[in-house]
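Visitor: what follows is a protein structure lacking sequence information:
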């Protein structure tokens, strides 16, 4: 997404329900007090006016052994964070993060969802620049921005407004197989074609370029002798869901420590003297 003026819509949802999603996407969004906007660059924003337990209650909470989020900060020593999720693909990483917030595994709530896929219907109003986008996120008091398969380059204004506060997940062990054009099955096909014996997801902080920000966490996935791109992608995605939740949980609990050389580390929740 570029920093030029964007044609945008904000329209309330009087029924407190999201319109039916089109067949091109499988995103599951919250469904209470939402506002939407659309740009001529096909960017949609779902703004959650009130972050409540009712709005984010997991359907399967009764079957989960995890705690259900209540918004209560007692016992944590810090406030519950507000998250913005930027998505382009099927939304599975977004869903895993959202479910983790519901179950109490992440001390935060998804308050804003941004997607560049055709998912919702809008009418046209005024314009929104990258600066306006930052202002909108500020209005909703967003603490951290989470990219979950978002394919557009993040505007420099947003990167500068949220230093060390924007995370991205990439389906390879960066810095290998990263950069512009490396996304989805293209990554896994390139990994297999290279003869690499290992791959896996990388979580990194976002800078002004594609996939070049500081690496926060990685998880190794073996590349099997007869792997197809689809098979490798499925195994990597399984690890993505787990790793991203762990990283966001650490972010919301203020357990990210920056070394003097600028490398971010995750402090263990069980042992404050241990890092990963």
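Guide: Structure's in. What do you need? In this text, all values refer to a predicted model and were calculated from it rather than measured experimentally. Numbering: from 1, shown residues only.
Visitor: check which residues of the helix or strand hosting residue 245 are buried.
Guide: Residue 245 belongs to helix 229-252 when assigned by DSSP states H and E. Neighbour-count burial for helix 229-252, counted by 16 or more other C-beta atoms under 10 Å, picks out 229, 232-233, 235-237, 239-241, 243-252. From N, CA and C alone the C-beta is placed, and that goes for glycine too.
Visitor: what do you get for stretch 161-179?
Guide: Neighbour-count burial for stretch 161-179 [16+ other C-beta under 10 Å]: 161-162, 165-174, 177-178.
Visitor: on the three-state scheme, the nearest residue in space to residue 190 that is not next to it in sequence is what?
Guide: Nearest residue to residue 190 in three dimensions, chain neighbours excluded: residue 177, at 5.2 Å (C-beta to C-beta, 6 or more residues apart in numbering). Recorded secondary structure, residue 177: coil (DSSP: H, G, I helix; E, B strand; the rest coil).
Visitor: residue contacts, residue 177?
Guide: Neighbour list for residue 177: 187, 190, 191, 194, 199 [criterion: C-beta atoms under 8 Å, 6 or more residues apart in numbering].
Visitor: tell me which of these fall in strands.
Guide: Among these, the ones falling in strands (DSSP state E) are residue 199.
Visitor: what two of the contacts of residue 177 have the greatest distance between them?
Guide: Pairwise distances across those (C-beta to C-beta) peak at 10.8 Å, for the pair 187 and 194.
Visitor: neighbour count: the two, which is higher?
Guide: residue 187 (22 against 12; other C-beta atoms under 10 Å).
Visitor: any idea how far residue 271 is from that one?
Guide: 34 Å (C-beta to C-beta, to the nearest Å).
Visitor: helices of this protein, start to end?
Guide: 92-102, 130-139, 156-161, 185-194, 229-252 (DSSP state H).
Visitor: quick one on the thing from earlier: what's the angle from the helix holding residue 245 to helix 92-102?
Guide: Put simply, helix 229-252 runs at 30 degrees to helix 92-102, going by axes from the mean of the first three to the mean of the last three C-alpha atoms, to 10 degrees.
Visitor: for residue 164, list the residues it contacts.
Guide: Counting by C-beta under 8 Å, 6+ apart, residue 164 has contacts 205, 256, 258, 264.
Visitor: so who does the residue nearest to the first one when sequence neighbours are not counted touch?
Guide: What that stands for is residue 205. Nearest residue to residue 205 in three dimensions, chain neighbours excluded: residue 213, at 4.3 Å (C-beta to C-beta, 6+ apart). Contact analysis of residue 213 by C-beta under 8 Å, 6+ apart lists 168, 204, 205, 206, 207.
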